[in-house]
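Enquirer: Please find the sequence and the predicted model below.
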Amino acid sequence: MKDPITIALSKGRIFKEALPLLAAADIHPLDDPEQSRKLILDTNRPEVRLVIIRATDVPTYVEYGAADLGIAGRDVLLEQHTVDLYEPLDLGIGRCRMVVAEPAGLAAQDDPAVWERVRIATKYPHITRTHFARKGIQTEIIKLYGSMELAPLVGLSDRIVDLVSTGVTLRENGLVEVEHITDISSRLVVNKAAMKLKHRSIHALIQHLEKKVRYDPA
Ligand SMILES: Nc1ncnc2c1ncn2[C@@H]1O[C@H](COP(=O)(O)OP(=O)(O)OP(=O)(O)O)[C@@H](O)[C@H]1O
Ligand SMILES: O=P(O)(O)OC[C@H]1O[C@H](OP(=O)(O)OP(=O)(O)O)[C@H](O)[C@@H]1O
């Protein structure tokens, strides 16, 4: 009998980009989470199901074994740095970068090399604090849950730490990137006990994903 496998992932861009990877492992969801309100999606394989959750909840579900595997952004994993998981594979999807940004007007006369104390609005307080602490810069952090680009426009903070991919959101809000913190992509994460107890199934799945990522990336 095959091991039952539960995979956690978020809807939206991660789900869309994960579909070809899952297909390479012969996993095809029977529903589209954009069309359905179902939180558990069956697949063509009776032993494999997907749970559809918030991107930031993926590490929690996998750490506690509510899902055996998951797909999580490196941003989420760095921010939730104490979560205990295996992270065997960079899936190469959800590619973007974590940056410090500020209004173009401020950037024109600003020099990050002389910053001593900065006020930052961000969804990523741990990453932000760590980045600036390494450079000996004190931070006042305003924690937000989205739309960080608004903060400097209404005087909540001078600067933000956020993800950038095309740069359109920064540009349309008159902001520019002033520091690159790190590159981001989505990772496969695996529950530690499941990796032992369901080793054959999980190992086979990792191999299919790895082959697709390495030899046939999207
Ligand atoms: N503009 C982007 N381009 C590419 N990848 C991105 C971009 N923005 C975010 N990501 C990646 O996709 C992941 C999921 O982002 P998404 O916007 O779907 O969820 P979220 O709204 O950030 O999460 P939550 O609902 O938990 O707050 C992020 O954790 C990040 O790794
Ligand atoms: O450089 P770009 O291609 O414009 O992408 C950057 C935007 O993408 C992400 O937001 P997302 O689309 O996830 O919206 P939300 O997190 O505010 O819901 C990120 O927080 C930026 O706002």
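Expert: Received it, and whenever you're ready, just let me know what you need. Just so we're clear, the structure is a prediction, and the values are computed from it rather than from any experiment. Ligands and ions are numbered 1, 2, ... in the order given.
Enquirer: is ligand 2 contacted by stretch 74-93?
Expert: No. Using Cβ under 6 Å from any ligand atom, stretch 74-93 stays clear of ligand 2, coming no nearer than 9.2 Å. For glycine as for every other residue, the C-beta is placed from the backbone atoms N, C-alpha and C.
Enquirer: Show me which parts of the longest helix anywhere in the chain are buried, residue by residue.
Expert: Taking DSSP state H as the criterion, the chain has its longest helix at helix 199-215. Residues 201-202, 205-206, 208-210, 212-213 are the ones in helix 199-215 that count as buried (16 or more other Cβ atoms under 10 Å).
Enquirer: by contact count, what packs against that helix?
Expert: strand 5-9, helix 13-24, strand 86-90, strand 186-190 (3 or more Cβ pairs under 8 Å, 6 or more residues apart in numbering; DSSP states H and E).
Enquirer: now, of those, which is deepest in the fold?
Expert: Mean neighbour count, computed with mean count of other Cβ atoms under 10 Å, is highest for strand 186-190 among those, reaching a mean of 26.
Enquirer: now whatever residue of the chain ends up closest to ligand 1, which residues is it bridged with?
Expert: Per Cβ to the nearest ligand atom, G73 is where the chain lies closest to ligand 1, at 2.0 Å. Beta bridges link G73 to S186, judged by DSSP bridges.
Enquirer: For the residue nearest the centre of the chain, give me its contacts.
Expert: Geometric centre of the chain, nearest residue: G73, 1.8 Å, by Cα atoms, centre = their mean. For G73, the contacting residues are 14, 55, 94, 184-187, by Cβ atoms under 8 Å, 6 or more residues apart in numbering.
Enquirer: Then V62?
Expert: Contacts of V62 (Cβ under 8 Å, 6+ apart): 8, 68-70, 72, 85, 189-191.
Enquirer: Let me see the mean pLDDT of the helix or strand containing R97.
Expert: In the assignment (DSSP states H and E), R97 maps to strand 96-103. Mean per-residue pLDDT for strand 96-103: 98.
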